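Participant: sharing a sequence plus its predicted fold:
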Amino acid sequence: MASTKRKLSDTYLRSLKPATSKRIEVMDTYVPGFGVRLSESGRKTFILVARYPGSSNPTRRSLGEYPSLSLEKARKKAGEWRDLIRAGKDPKDEEADKRRAEQRKRADTFNGVAEDYIKRVLPKQRRGDIVAREIRREFSERWKGRPVTSIDRRDVIRVINETVDRGATYQAHNLFGHLRSLFNWAIEIGDYGLEISPCDRIRPKLLIGEREPRQRVLDDAEIKAFWKAADELGYPYGPLYQLLLLTGARKNEIGQARWSELDLEKKVLVVPAERFKSNAQHLVVLSETAVAIVEALPTFSEPDYLFSTTFGSRPVSGFAKAKEKVDCLMEAQLEAKLTPWRTHDLRRTVRTKLASLRVADAIAEMVIGHGKRGLQRVYDQHSYEPEMREALELWASRLRNIVEPPPENLIALPLKDRAR
């Protein structure tokens, strides 16, 4: 290996051409043992030749490549390494300790802990993706870069109060629950230096108020306005909303449905365990009206998801904007201000209507996916599919009469024909 000496400069380093046949080293006359190695490919690597701890002979170690590492910073690094060597310390070990400390520092920020929680805990939860989104939006953005141990009760109370002040008391309870679970997990893991949760001794009932169960049910006028609004909205959200009202299914059970999960001959949608609340396969029975809506859906060259804005490759998202449009269309139909409601209220509406049709409670509960309870779940293995189908056909008939009541002495067209 050819070696020369001179005071290195940026001008000289930029002028260096690739080595012709073997590597060349140019040692700096300013910092002893410091130099640059030039390879046949033109790579310029700063080096420090020294007798490192544990070695009896001088050896070369790389400091970094030029120009990613500037000459000034390389000289400074070489000087720091020489000081460590004189103190009997190996620069490699010191840098490894420094990297670990930096990683530990990053990991111990709220963001780092939150991402660990999201990665290690939430995938096991049915609503894990929603919880992750809310944690990132409401807490990670606000506490970005802050040590997790610096988050105190005042920080928690401030976020929850702001949520309550904007009228989202139900959401405030949810957010507090997310945060309490996150901190309890972090303490139990024991990796983040946390001993006390900032959520301790905060009573949600006093801070937010009673968590009242939602009781919103759409009345017949609102149901009619909703169906007409969904018609106007069109694909993908319009028919998706109509299927939610016809089946009482959860939003993700329909919104993320795949063509492979459908059996139109048997008139069922098979929801896999990972998308169902009880971690068990669930049958969504489809009435004739529901089947007609599904059959009218567009198909793509490589069909996968029923409802998609990406030609079937991904399921729909952006429900918030779609819901706003539905609300506006409903208010235009009703010619009145709409009492606030949520998509999940459609399930309660279906359940209430099934009760009004004198469908047995056990069947109505199974229709909306609540399943069997207690000993019935163990000993009663009947699927109740015929009973659920009968209940949903009754509901589809009732819905038809709500949406467009037939004139007296005339038989109304089935809603499924209108859906076409």
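Facilitator: Sure, I can see it.
Participant: so where's the longest helix in the chain?
Facilitator: Across the chain, the longest stretch assigned as helix under DSSP state H is helix 169-189.
Participant: in that one, which residues are buried?
Facilitator: Residues 169, 171-176, 178-183, 185-187 are the ones in helix 169-189 that count as buried (16 or more other Cβ atoms under 10 Å). Using the backbone N, CA and C atoms, a C-beta is placed for each residue, glycine as well.
Participant: same question for stretch 284-297.
Facilitator: If you call a residue buried by 16+ other Cβ under 10 Å, then stretch 284-297 has these buried ones: 284-294, 297.
Participant: count of residues packed around residue 33?
Facilitator: A count of neighbours around residue 33, defined by other Cβ atoms under 10 Å, yields 17.
Participant: which one is it nearest to, not counting chain neighbours?
Facilitator: Here the nearest residue to residue 33 in space, its sequence neighbours aside, is residue 49; by Cβ to Cβ, 6 or more residues apart in numbering that works out to 4.5 Å.
Participant: the host helix or strand of that neighbour pairs with which strands?
Facilitator: Per DSSP states H and E, residue 49 falls inside strand 44-50. Sheet pairing here is set by DSSP bridges, and for strand 44-50 it gives strand 34-38 (antiparallel), strand 59-66 (antiparallel).
Participant: what's in contact with it?
Facilitator: Here strand 44-50 makes contact (Cβ atoms under 8 Å, 6 or more residues apart in numbering) with 13, 16, 25, 27, 33-39, 58-67, 69, 74, 77-78, 81-82, 85.
Participant: buried members of these into PyMOL, please.
Facilitator: The buried residues among the contacts of strand 44-50 can be selected in PyMOL (16+ other Cβ under 10 Å) with this line:
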select buried, resi 13+25+27+33+34+35+36+37+38+63+66+69+74+77+78+81+82+85
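Participant: can I get the strands paired with strand 44-50 in a markdown table including mean pLDDT?
Facilitator: Compiled in a markdown table, the strands paired with strand 44-50 are given as follows (pLDDT from 0 to 100):
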| stretch | mean pLDDT |
| --- | --- |
| strand 34-38 | 94 |
| strand 59-66 | 93 |
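Participant: in a markdown table: the ones you listed, plus distance to residue 391.
Facilitator: Compiled in a markdown table, the strands paired with strand 44-50 are given as follows (distance: least, Cβ to Cβ, whole Å):
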| stretch | distance to residue 391 |
| --- | --- |
| strand 34-38 | 79 |
| strand 59-66 | 71 |
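Participant: low-confidence ranges, the stretch 201-350 of the chain, go.
Facilitator: Residue ranges of the stretch 201-350 of the chain with pLDDT under 70: 277-280, 303.
Participant: quick one: the helices in it, in order.
Facilitator: 204-207, 220-233, 237-247, 251-255, 288-295, 319-334, 345-356 (DSSP state H, counting those that start in this stretch).
Participant: who are the packing partners of the shortest one?
Facilitator: Using 3 or more Cβ pairs under 8 Å, 6 or more residues apart in numbering; DSSP states H and E as the contact test, the elements touching helix 204-207 are helix 153-165, helix 169-189.
Participant: likewise for the third one?
Facilitator: The helices and strands touching helix 237-247, judged by 3+ Cβ pairs under 8 Å, 6+ apart, are helix 220-233, helix 251-255, helix 288-295, helix 319-334, helix 345-356, helix 385-403.
Participant: residues touching the most centrally placed residue in the chain, list them.
Facilitator: Nearest residue to the geometric centre of the chain (Cα atoms, centre = their mean): residue 129, 3.3 Å. Contacts for residue 129 (Cβ under 8 Å, 6+ apart) come out as residue 122.
Participant: against residue 229, how distant is it?
Facilitator: For residue 129, the distance to residue 229 (Cβ to Cβ, to the nearest Å) stands at 27 Å.
Participant: for the residue nearest to residue 33, list each beta-bridge partner.
Facilitator: Applying DSSP bridges to residue 49 gives these bridge partners: residue 60.
Participant: same thing with residue 38?
Facilitator: Applying DSSP bridges, one finds that residue 38 bridges with residue 24, residue 44.
Participant: shouldn't it be in contact with residue 19?
Facilitator: Yes: using Cβ atoms under 8 Å, residue 38 is in contact with residue 19, at 5.0 Å.
Participant: quick check: residue 170 vs residue 36, distance?
Facilitator: 64 Å.
Participant: grab the nearest non-local neighbour of residue 238.
Facilitator: Nearest residue to residue 238 in three dimensions, chain neighbours excluded: residue 230, at 4.3 Å (Cβ to Cβ, 6+ apart).
Participant: count the residues that sit near the residue nearest to residue 33.
Facilitator: Neighbourhood size, residue 49 [other Cβ under 10 Å]: 17.
Participant: mind checking pLDDT for it?
Facilitator: We have a pLDDT of 94 for residue 49.
Participant: before we move on, the earlier item: distance to residue 149 added to the helices of the stretch 201-350 of the chain, as CSV?
Facilitator: Compiled in CSV, these are given as follows (distance: least, Cβ to Cβ, whole Å):
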stretch, distance to residue 149
helix 204-207, 22
helix 220-233, 48
helix 237-247, 44
helix 251-255, 36
helix 288-295, 53
helix 319-334, 34
helix 345-356, 41
